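Q: Next one to model:
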Amino acid sequence: MADGGATIYGGTNPPKVQPLLPGLLFTTGELELIHTSLGDKDPLKNFDGFLYKFYEQNGAKLRVNYSNLSGGTYATRGVNAAISGDGDKFTIFFVDKRGDLVALSGEFTGDAIKNFQLVSLVKVADKNSPIGTVRVFKSKRGYAETIRESDLYNNSK
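A: Here you go, the predicted model:
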């Protein structure tokens, strides 16, 4: 992944990546493709992004809930994940519902994840993605910010 242009933080002293207040999620906003192993032939460029909840962090282990921002049609809860890093910089690794390896990296500020980056390593091929494809996305606004979970439902009325 790092060879594919991704920022991966190693280390055994990662931050506790949970918002300061309960009931908050991280929202990435729109994500833009900044590197792909497919070059100009990659059909994926940008997409709407994700909501993430990180919890039950114990050492290098934690759990992740995620859903895409456009209707939550690509969502999973309780995914086992691993975290590495040092100080405020971290990388969270997990296998998504398709079976691909995902890495989320950034710098935890307490209420946001600065320089948020999502990396995908394709392990299950499809028509757009042969096995081994690496894609690196970054948040267009440069960070993933917190949002109240209850605001998501209040805004949908």
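Q: low-scoring stretches of this structure, by residue?
A: For the chain, applying pLDDT under 70 flags the ranges 4, 72, 152-157.
Q: Closest to the centroid, which residue in it?
A: For the chain, the residue nearest the mean C-alpha position is L104 (4.0 Å; Cα atoms, centre = their mean).
Q: Could you confirm that one falls within a helix?
A: No: counting by DSSP: H, G, I helix; E, B strand; the rest coil, L104 is not found in a helix; it is strand.
Q: Can you name the residues bridging to the nearest residue to V95 once chain neighbours are set aside?
A: Counting by Cβ to Cβ, 6 or more residues apart in numbering, V95 lies nearest to L101, which is 5.9 Å off, once chain neighbours are set aside. Quick note: C-beta positions are derived from backbone N, CA and C, even for glycine. Beta-bridge partners recorded for L101 (DSSP bridges): V95, L121.
Q: Now do the contacts for the residue nearest to D111 when sequence neighbours are not counted.
A: Excluding the flanking residues, the one nearest D111 by Cβ to Cβ, 6+ apart is T146, at 5.1 Å. Neighbour list for T146: P19, L24, L25, F26, T27, D111, A112 [criterion: Cβ atoms under 8 Å, 6 or more residues apart in numbering].
Q: With A144 instead?
A: Contacts of A144 (Cβ under 8 Å, 6+ apart): F26, T27, T28, G29, Y52, G106, A112, I113, F116.
Q: any idea how far S84 is from the second one?
A: It stands for T27. Using Cβ to Cβ, to the nearest Å, one obtains 23 Å as the distance from T27 to S84.
Q: Report the beta-bridge partners for the residue nearest to D111.
A: Applying DSSP bridges to T146 yields these beta-bridge partners: F26.
Q: that older thread, buried subset of the contacts of T146?
A: P19, L24, L25, F26, T27, A112 (16 or more other Cβ atoms under 10 Å).
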